[in-house]
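A.B. asks: Whatever this is, show me its structure:
(one chain, ligands or ions: 1)
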Amino acid sequence: MRIDIMTLFPDMCEAFLSGSIIGRARAAGHVDIRCINIRDFAGNKHNRVDDYPYGGGTGMVMQPNPIYDCYRAVTEEGARNCHLIYLTPQGKTLTQERVRELSEMDDLVLLCGHYEGVDERVIEEIVDEEISIGDYVLTGGELPALILADSISRMLPGVLANEDAFTEESHYGHLLEYPQYTRPPEWRGREVPPVLLSGDHGKVDRWRLEQSLERTLRRRPDMLEAAEASGELTKEEQGILEDLKG
Ligand code: ADE
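C.D. replies: Residues are numbered from 1 along each chain as shown. Below you'll find the model as predicted:
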C-alpha cells in the first residue's frame, strides 16, 4: 500500500509518521508513506500558494494550480491510478468500516487543505472522495490525514503483531471493547475483576461480552440500535441485552 500526503507542512507529518508503530511499519516496508510539499509547486518566486477569496470575506484560499501540479507530479502525470481523498469538515464522517475498505486499496493520495479552504475547481478536477474526521473544525487537514493514514496502516498485514488486536476492539464490530487490566492485581484499593484471574476462558469470554454490551448500551446506544435494526446481534448478545435492560 502506498499513501502520498500532499501538504504545506511535510515536516509536521514526517515527525508523526517516523515514530512508533507507523515508523516501524514504514521501515519494514509494510506501507510506503510519502509527504509532498505543495509549496514546491507554487510556480512563482515568492512561493505563494494562496490568495484572497473572490467575492470578499475573511481568510485566504489555496489556489488550484499548485495543488494540481503537485497532484500531477505525485501521480506521474496520471500514470498512477490513485484514489484521491480531500480531508475537510464538509466530507463524510470517517468510520471503521470505511477505514477497512480503504485499507484494501493499493494507492491513496491525501490532500490537506489550509487557510479558509481550497479553490472549488481543483476539488472538482481531482478529488474522488471527501472525508471528515468529525463534526469540529481544525486549522488544517494534516491531523485528519495523519489520523486516516494511521487508522489504515494498522490494518495492513504485518503491522500489528496480532490480528486479533483489531478484530476484538471497539468499532470493529458493532460493540465497544470490554475493559482491560494488567498487573498489579490490586492498585490503590481497586481490584482486577476476579473472573479474569480464574483461568476459565469460557467465563472470561462471557464476562467480556457482557461488559462490551453494557458499555455500548450505556455510552453508545445508537450503535446498539443500529446493530439491532440490521440483525447483527447474535442470540447470545440479544439474551444478555434483555437481562441488562431488565
Ligand atoms: N480540516 C479541518 N477540520 C477537519 C475535519 N474535522 N476533518 C477533516 N479535515 C478537516
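A.B. asks: Could you use CA atoms for every contact and neighbour count after this?
C.D. replies: Fine.
A.B. asks: residues in the chain within reach of the ligand, list them.
C.D. replies: Where the chain comes near the ligand, counting by Cα under 6 Å from any ligand atom, the residues are 87-89, 131-141, 144.
A.B. asks: In helices, which of those fall?
C.D. replies: residue 144 (DSSP state H).
A.B. asks: and the residues of the chain next to the ligand, which two are the farthest apart?
C.D. replies: 131 and 139 (15.4 Å; Cα to Cα).
A.B. asks: If you count surrounding residues, which of these two has more?
C.D. replies: residue 131 (21 against 10; other Cα atoms under 10 Å).
A.B. asks: what are the ranges of the strands in the chain?
C.D. replies: 2-7, 32-37, 50-51, 61-62, 83-93, 107-112, 129-132, 186-187, 190-191 (DSSP state E).
A.B. asks: Residue 121: neighbour count?
C.D. replies: 12.
A.B. asks: Can you check what pLDDT the model gives the nearest residue to it once chain neighbours are set aside?
C.D. replies: Leaving aside its sequence neighbours, residue 121 sits nearest to residue 64 (Cα to Cα, 6 or more residues apart in numbering; 6.9 Å). As predicted, residue 64 sits at a pLDDT of 98.
A.B. asks: Contact partners for residue 64?
C.D. replies: Residue 64 sits next to 118, 119, 121, 122 when contact means Cα atoms under 8 Å, 6 or more residues apart in numbering.
A.B. asks: Residue 134 too?
C.D. replies: Here residue 134 is in contact with 89, 93, 94 (Cα under 8 Å, 6+ apart).
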